[in-house]
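Peer 1: I would like the atomic coordinates for the input below:
(one chain, ligands or ions: 1)
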Amino acid sequence: MTTQTDLNSLLLARYGADAPSLPEVAEDPALALLLNHRSVRAYTPQPVPRQALEMMIAAAQSASTSSNLQTWSVVAVEDPAAKERLSRLGGDQRHIRECPLYLVWLADLARLEAVGERRNRPRDGLDYLELLLVGAMDAALASQNAAVAAEAQGLGVVYIGGMRDRPEEVAAELGLPPRTVAVFGMCVGYPDPARPTSIKPRLPIDAVLHRERYDTAAQDEPVDRYVATMAEFYKSQQMKTNGDWAEHSLHRVRGPEALRGRDRLAEALKARGFLAR
Ligand SMILES: Cc1cc2nc3c(=O)[nH]c(=O)nc-3n(C[C@H](O)[C@H](O)[C@H](O)COP(=O)(O)O)c2cc1C
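Peer 2: Residues are numbered from 1 along each chain as shown. Prediction:
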């Protein structure tokens, strides 16, 4: 990963011409680390040391968690044959196969279920959408802390939504108990210096930051500016996309056929022991 620490240069990479001007900003390694993020899909064969993984998990467990319920778990997979199978279940993505460490992040209500069973206490709340959301939010917050901890240790990561394509088969592969489901995966490894990646621009701040009240109309102009910024980015990276950012994004949500099997996610979640009510 780049060791760039100048925050204004990082903001320029993140927003292009829409970069906020923060002349007084003090150098800060934590902010630089956050602004430096880019997904990494190519790795050296070097394994991820146990200590680096455990530091990622400690960071993950340090994230806020709804009511301290800690309704998430993670499965670390290093076995090449298992990664191969998970790659096939996740849209045949090469980086799942090639990363030295693959993490599968779970919404996990099974632990609370077991605690309730041992104490013979009611736990009907686990059946509701609310608790599924709690589990998914907890997993997301934990995993993002782990991602930042990985990057702080010189590792690179990419999330894998493809774990929701075939949730029942992923569960069988990992031996997951009922009331657990993979919400996403995460490839982890040392970035291959021969295949560097760039900071990907984001929407201008004024497209996502509303002050006092939400303003729908105010987003049109910054979104249009972003489409232009991304057109430049795609060109510079020689990225093949389905048209400009707006077309590309709309293509992803055009209908159930674009959801890669996830149009039946509610059914799969019910089969995994969620959403009984
Ligand atoms: C929940 C989630 C699922 C994702 N799934 C995939 C995936 O299946 N395959 C992949 O290559 N990238 C995946 N990504 C990575 C995004 O494409 C990437 O974060 C986004 O394009 C922004 O690029 P950046 O992370 O380099 O800034 C996923 C990201 C998130 C947050």
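
Peer 1: which residues in the stretch 51-200 of the chain form helices?
Peer 2: For the stretch 51-200 of the chain, the helices defined by DSSP state H, counting those that start in this stretch cover 80-89, 94-98, 110-119, 129-152, 167-174.

Peer 1: for stretch 193-207, what is the average pLDDT?
Peer 2: Summarised as a single mean, pLDDT over stretch 193-207 is 97.

Peer 1: To clarify, my last question referred to stretch 131-139.
Peer 2: 98.

Peer 1: and that stretch, which residues are buried?
Peer 2: Neighbour-count burial for stretch 131-139, counted by 16 or more other Cβ atoms under 10 Å, picks out 131-132, 134-139. Where C-beta positions appear, they are placed from N, C-alpha and C, glycine not excepted.

Peer 1: Stretch 32-39 too?
Peer 2: In stretch 32-39, counting by 16+ other Cβ under 10 Å, buried: 32-33, 35-38.

Peer 1: Kindly report the same for stretch 212-224.
Peer 2: 219, 222.

Peer 1: any residues touching that stretch, and which ones?
Peer 2: 18, 203-204, 206-207, 210, 246 (Cβ atoms under 8 Å, 6 or more residues apart in numbering).

Peer 1: Next, the distance between the ends of it.
Peer 2: End-to-end distance for stretch 212-224, by Cα to Cα, to the nearest Å: 23 Å.

Peer 1: next one: it to chain centre, how far?
Peer 2: On the basis of Cα atoms, centre = their mean, to the nearest Å, stretch 212-224 sits 26 Å off its chain's mean C-alpha point.

Peer 1: With distance to residue 238 added, can I get the helices of the stretch 51-200 of the chain in a markdown table?
Peer 2: Formatted as a markdown table, the helices of the stretch 51-200 of the chain follow (distance: least, Cβ to Cβ, whole Å):
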| stretch | distance to residue 238 |
| --- | --- |
| helix 80-89 | 25 |
| helix 94-98 | 18 |
| helix 110-119 | 45 |
| helix 129-152 | 25 |
| helix 167-174 | 33 |
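
Peer 1: So which of the ones you listed is nearest the ligand?
Peer 2: Evaluated with Cβ to the nearest ligand atom, the helices of the stretch 51-200 of the chain place helix 94-98 nearest to the ligand, the distance being 6.4 Å.

Peer 1: so where's this structure shaky on pLDDT?
Peer 2: 1-4 (pLDDT under 70).

Peer 1: Get me the contact residues on it for the ligand.
Peer 2: The chain comes close to the ligand at residues 37-39, 41, 93, 158-162, 184, 200, as judged by Cβ under 6 Å from any ligand atom.

Peer 1: could you redo the last one with a cut-off of 5 Å?
Peer 2: Residues of the chain found near the ligand (Cβ under 5 Å from any ligand atom) are 38-39, 158-162, 184, 200.

Peer 1: Please enumerate the strands of this structure.
Peer 2: 72-77, 101-108, 156-160, 180-189 (DSSP state E).

Peer 1: residues touching the most centrally placed residue in the chain, list them.
Peer 2: The centre of the chain sits closest to residue 159, judged by Cα atoms, centre = their mean, with a distance of 4.2 Å. Residues near residue 159 by Cβ under 8 Å, 6+ apart: 39, 143, 147, 184-186.

Peer 1: re the thing from before, name the nearest of the contacts of stretch 212-224 relative to the ligand.
Peer 2: Closest to the ligand, out of all of these and judged by Cβ to the nearest ligand atom, is residue 203, at 11.5 Å.

Peer 1: Now the closest one. Nearest residue, chain neighbours left out?
Peer 2: residue 226 (4.9 Å; Cβ to Cβ, 6 or more residues apart in numbering).

Peer 1: who's in contact with that neighbour?
Peer 2: For residue 226, counting by Cβ under 8 Å, 6+ apart, the contacting residues are 18, 201-204, 207, 245.

Peer 1: Ok, residue 164 next?
Peer 2: Neighbours of residue 164 in contact, by Cβ under 8 Å, 6+ apart: 182-184, 262, 265.

Peer 1: Repeat the analysis, applying 6 Å as the threshold.
Peer 2: residue 262 (Cβ atoms under 6 Å, 6 or more residues apart in numbering).

Peer 1: And for the one 5 residues further on?
Peer 2: Applying Cβ under 6 Å, 6+ apart to residue 169 gives the contacts residue 89.

Peer 1: All good on my end, thank you.
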